[in-house]
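Chemist: Just the structure for this:
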Amino acid sequence: MKENKTDIWVGTEDVNNPEKLKAESGQEFFDAPVLNDLARDEDRDGNAPAPSRRDFLKYLGFGLGAATIAAGCEAPVRRALPSLIQPDAIVPGVATYYSSNFVKGGDFCPVIIKTREGRPIKVEGNPMSSFASGGTSARAQASVLELYDTSRLRHPGKVNPDDETIEKMSWEEVDDEVKSKLNENSQVRILSNSIYSPSTLKVVEDFKNKYPNTEHIQYDAVSSSALIEAHGEAFGEKKLPTYRFDRASVVVSLGADFLGTWISPVQFARQWSEKRKIKDVDNAKMSRVIVAESHFSLTGASADNRVLIRPSEMGLAIATLHNELAKLVNAGSQLSVSGSFESPKAANGLKRAAANLAEASAAGESTLVVSGSNNLAEQMTVIRINQMLGNYGSTVDIGNPCHLRKGIDSEILKLVNDIKAGRVDALIVLDEANPVYDLPEGKELKDAMAKVDLRISTATLPNETLRACNYACPTHHYLESWGDVNPTEGYYGLIQPTIHPLFDTREKEESLLRWADALPENDRKGRAYYHYIRNNWEENIFPQQSRFAGFQRFWDFSLHNGFTEINNNQAENAGQGNEVNLSAYASGISRPSSAETELSFYETVHVGSGQYANNPWLQEMPDPLLRTVWDGCLSVSVKWDGGNRIDGYQNLKDGDKVELVIGDEKYVVPVVTQFGIMEGQLAFPLGYGREVAGPAGRGVGTNVFSSLWRNDDGNLQYYATRV
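Modeler: Prediction:
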């Protein structure tokens, strides 16, 4: 029998409590005090508090989800009458499956919905789809819980901003009041997160035909604006390329958490995993991943080499990689950027990364460099790096662009200024877009919205922006909806309802069409928007393919699979584009700060940018790196003496509360010590601190969106140096 190891630790608490670790590691079973308490009758004599059911479930491995199910047994009994004639499609105890697509803001995933007796109960990835090949995410799987969320808006009506109640109205009454406030001269603004539904975008165009002074502004709470603008300047179209991690032998990530939250992590993680599999034992080879970042991410945790930098050193890191690579491949002039890395290891790590890229390129292998920076000059530099390596047309496909991110930061900033100046007559906020919460100008926007006569939110759940509106017109949950998606060029998907709408809600597209008197006459059964989508596919998508001669077969095939793929063969002709001249952008690259302490802001894999804050499954899901739940914690660096002592920054320990001062803002936040960040550097998650949400999301954590700042291009920056 092998000797037990008593010196293995996985966290700071294990290192700082070695005697306890040694004692427990030698035991096959450890004592759970709550189980002993439950077994002893003497603990129930009133002298000591009995353990709670939550403690019992916790020790059995249950989370809040199981506790919720258990609590559900206490709900009043609701009896349902059996069907007089049982539907043929429903067999008690036998599941029915539907192909669909999970969509929430910029999050997208092809899914299979499992239902029992007409109720969705499970979401999994769609293995037939090449987009993610069956991959899925915690957000997609937890979305089924949001369907049954008791906090959902149940009817349209007028919003009472004082108590967040909705004065119930019929849809006919709402439609009449909205149309009475709109005319051809109305300055209307439609605000949404990125929309990649071809039918929804067509609805917006139909709405504009009725109200020609309408503008549609799209934004993303965690922005990729600089990446979009950079490709617009380099290739003539403001679109994201499609990235192919499954083709890259060497991947260098400069602050892009492509396995966790960056653009399309479900798709990228599936691609990346293909290159990490050993398929030929005799000629074993897999891709190499090098990450330069300032906070610990999922991608950094999975990297072969990880380069630690300060948040403000990202521009210097990108310029250093460019300069080293230009030397090795004899292409391009050097970028001059002032400043130096705090740690000499950073410069050496980036030199090795450049050497790996150059070596792979010389061997005829594809490489890929990606960056999460929201700085235009830095993204232009990354484009030039990929051009030097010949990656466009192979691992970077600009011919088949990605539509998951469309937001341009300067456009949402212009909208905020227009509202403040009183130049907007009507504001329609679609889906879960929540600018009052997730913009640094949110407080100003909330106050300025009072100047807008007509303010409509179509959110399914209460949020901060809904409270600033005067009409609530809730849309269906995606599991109740008809819809379509076009996440990348040539890939189209259908969203189909798996249950009848639970409440008196209506698809946002139907609302827009009714207000614009553009809803087509419907002489067929089914929802009006279903026929609108079907007509759009017949007119605009069906002619793009040649596989099916008749539309009905094409529609049935797409609905059954959940998607259809149309190859436009543009990738081969996209080429490298015009060579980027970096001399015009060098001055825009950020310089390292002289501040002693810096702070990184980042998106978590569970609550995202706050749109999932009211989902208890995701709040209960431990952060995969910090192992924290139900709060946003300030990550502080740790110092290890190489022995049995680990000290947090300024002697802080897990759970300590500190006052965090960022510029003029002050917050009181809990601390968690973390390896993988530079000594003295900090990191804090976005997406917490919701003031208007359901009971699971309200008041959990701290909202720090107000501490974000914009550079000279108007693009949001996700770090702070005034800490």
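Chemist: After the helix or strand harbouring W272, which helix or strand is next?
Modeler: Assigned by DSSP states H and E, W272 falls within helix 265-275. Later in the chain than helix 265-275, the nearest helix or strand by DSSP H and E is strand 288-293.
Chemist: I'd like to know which elements that next one is packed against.
Modeler: Applying 3 or more C-beta pairs under 8 Å, 6 or more residues apart in numbering; DSSP states H and E, one finds that strand 288-293 contacts strand 250-254, helix 298-301, strand 305-308, helix 314-329, helix 344-362. C-beta: built from backbone N, CA, C; applies to glycine.
Chemist: can you rerun that using 7 Å?
Modeler: strand 250-254, helix 298-301, strand 305-308, helix 344-362 (3 or more C-beta pairs under 7 Å, 6 or more residues apart in numbering; DSSP states H and E).
Chemist: quick one: buried residues of the third one?
Modeler: Right, the one you point to is strand 305-308. By neighbour count on 16 or more other C-beta atoms under 10 Å, the buried set for strand 305-308 is R306, V307, L308.
Chemist: residues of the helix holding W272 that come out buried?
Modeler: For helix 265-275, by 16+ other C-beta under 10 Å, it's P265, V266, Q267, F268, A269, R270, Q271, W272, S273, K275.
Chemist: Show me the contact partners of that helix.
Modeler: Here helix 265-275 makes contact (C-beta atoms under 7 Å, 6 or more residues apart in numbering) with 109, 131-133, 135-137, 243-246, 248, 258-259, 286-287.
Chemist: of the buried residues of helix 265-275, closest to E117?
Modeler: Proximity of those to E117 (C-beta to C-beta) peaks at V266, which lies at 29.2 Å.
Chemist: quick one: least confident helix or strand in this protein?
Modeler: For the chain, counting by mean pLDDT, DSSP states H and E, helix 64-72 ranks last in confidence among helices and strands (a mean of 43).
Chemist: Now the element after it, going C-ward?
Modeler: Defined by DSSP H and E, the subsequent element after helix 64-72 is strand 96-104.
Chemist: Counting by contacts, list what that following strand packs against.
Modeler: Using 3+ C-beta pairs under 7 Å, 6+ apart, strand 96-104 sits against strand 107-116, strand 491-495.
Chemist: Could you verify my assumption that T702 touches D631?
Modeler: No. Under the criterion of C-beta atoms under 7 Å, T702 is not in contact with D631, lying 8.5 Å apart.
Chemist: ok so, going back, what's the closest of the contacts of helix 265-275 to R547?
Modeler: F131 (18.3 Å).
Chemist: any idea how far the closest residue in space to N711 that isn't next to it in sequence is from S312?
Modeler: In space, and not counting its chain neighbours, N711 is closest to Q717: 5.7 Å by C-beta to C-beta, 6 or more residues apart in numbering. According to C-beta to C-beta, to the nearest Å, Q717 and S312 sit 10 Å apart.
Chemist: what's the answer for V436, then?
Modeler: Taking C-beta to C-beta, one finds V436 at 29 Å from S312.
Chemist: Ok, V91 next?
Modeler: 61 Å.
Chemist: Next: V636.
Modeler: For V636, the distance to S312 - C-beta to C-beta - is 18 Å.
Chemist: ok, now Y492?
Modeler: Y492 is 42 Å from S312, by C-beta to C-beta.
Chemist: From start to finish, how long is stretch 490-509 in a straight line?
Modeler: 23 Å (C-alpha to C-alpha, to the nearest Å).
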